[in-house]
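*Asks:* Here is my input, please return the structure:
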Amino acid sequence: MRLSAPRIAPLSDAELTPEQVRALEPYCFGNWGNITRTLAQKPEALSRFTPWLSYFISRYHELSPRVKELVILRTGFLCRSGYEWGHHIVNAMRIGVTEDEIVRIKEGPKAGWAPADAVLIQAADELHHDHFISDDTWAELRRHYSERQCMDVVYTIAYYTELSMVLNTFGVQLESGFKLDPDLTGDDRDRAQLGLPES
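*Replies:* Reported below is the predicted structural model:
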């Protein structure tokens, strides 16, 4: 977590306006987390954010749940998003990503992955650092995934990068029951490893 307290506070039930409740209705049947309660501070944006988010959990998204979670977790880790990482660790392990794989997601594409997985991590790294996937990495992606799936790799990395920027900057805090990874605290221990300048 970059911040130990929110810059923009999540709204309590008592604070919600009718417009904010309408913007929140698509989410979790009233069991709203800190992210949606924070984004509801500007319901005009949240209501337009929702259709793009819904794509990633729809049948139109063509990555397998495992592939999607590998991409999301590497993106969240590179963005140092404690909130995103904390939530998606739970999702990933629920669908069979192992604790060893979780550790190796942090280590990067050369951490003993099968080629089809390594190229996902490499693609996330390249997009994070250069906003572009190189020809060699794209060719390797196409060896393992369809063109449409490759598009979804890019869309997923782009979306979760955007979301991480929002979470980090607004200071959205993890809910009770979720654990902050010590590698994603607000200090500089791992900035060099992530290719980031010292703060």
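
*Asks:* What segments of the chain are helices?
*Replies:* 18-24, 34-39, 43-55, 65-78, 82-94, 99-107, 115-130, 135-144, 147-170 (DSSP state H).

*Asks:* Now for this structure, the helix or strand with the poorest mean pLDDT.
*Replies:* Ranked by mean pLDDT, DSSP states H and E, the weakest helix or strand in the chain is helix 43-55, scoring a mean of 92.

*Asks:* For that one, list every residue counted as buried.
*Replies:* 43, 46-47, 49-50 (16 or more other Cβ atoms under 10 Å). Any C-beta I mention is one placed from the backbone N, CA and C, and that applies to glycine too.

*Asks:* How about stretch 92-101?
*Replies:* Buried positions in stretch 92-101, judged by neighbour count with 16+ other Cβ under 10 Å: 92, 97, 101.

*Asks:* Can you tell me what sits against it?
*Replies:* 65-66, 69-70, 72-73, 102 (Cβ atoms under 8 Å, 6 or more residues apart in numbering).

*Asks:* Likewise for stretch 114-134?
*Replies:* Here stretch 114-134 makes contact (Cβ under 8 Å, 6+ apart) with 67, 70-71, 74-75, 78-79, 105, 108-111, 113, 137, 140-141, 143-145, 153-154, 157-158, 161, 195.

*Asks:* what ranges of this protein fall below the confidence cut-off?
*Replies:* Applying pLDDT under 70 to the chain flags residues 29-30, 186-199.

*Asks:* can you do 50?
*Replies:* Scanning the chain for pLDDT under 50 picks out 189-190, 194, 196-197, 199.

*Asks:* coming back round to it: can you redo the helices of the chain as JSON lines with distance to residue 2?
*Replies:* Formatted as JSON lines, the helices of the chain follow (distance: least, Cβ to Cβ, whole Å):
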{"stretch": "helix 18-24", "distance to residue 2": "25"}
{"stretch": "helix 34-39", "distance to residue 2": "14"}
{"stretch": "helix 43-55", "distance to residue 2": "21"}
{"stretch": "helix 65-78", "distance to residue 2": "13"}
{"stretch": "helix 82-94", "distance to residue 2": "8"}
{"stretch": "helix 99-107", "distance to residue 2": "17"}
{"stretch": "helix 115-130", "distance to residue 2": "16"}
{"stretch": "helix 135-144", "distance to residue 2": "28"}
{"stretch": "helix 147-170", "distance to residue 2": "5"}
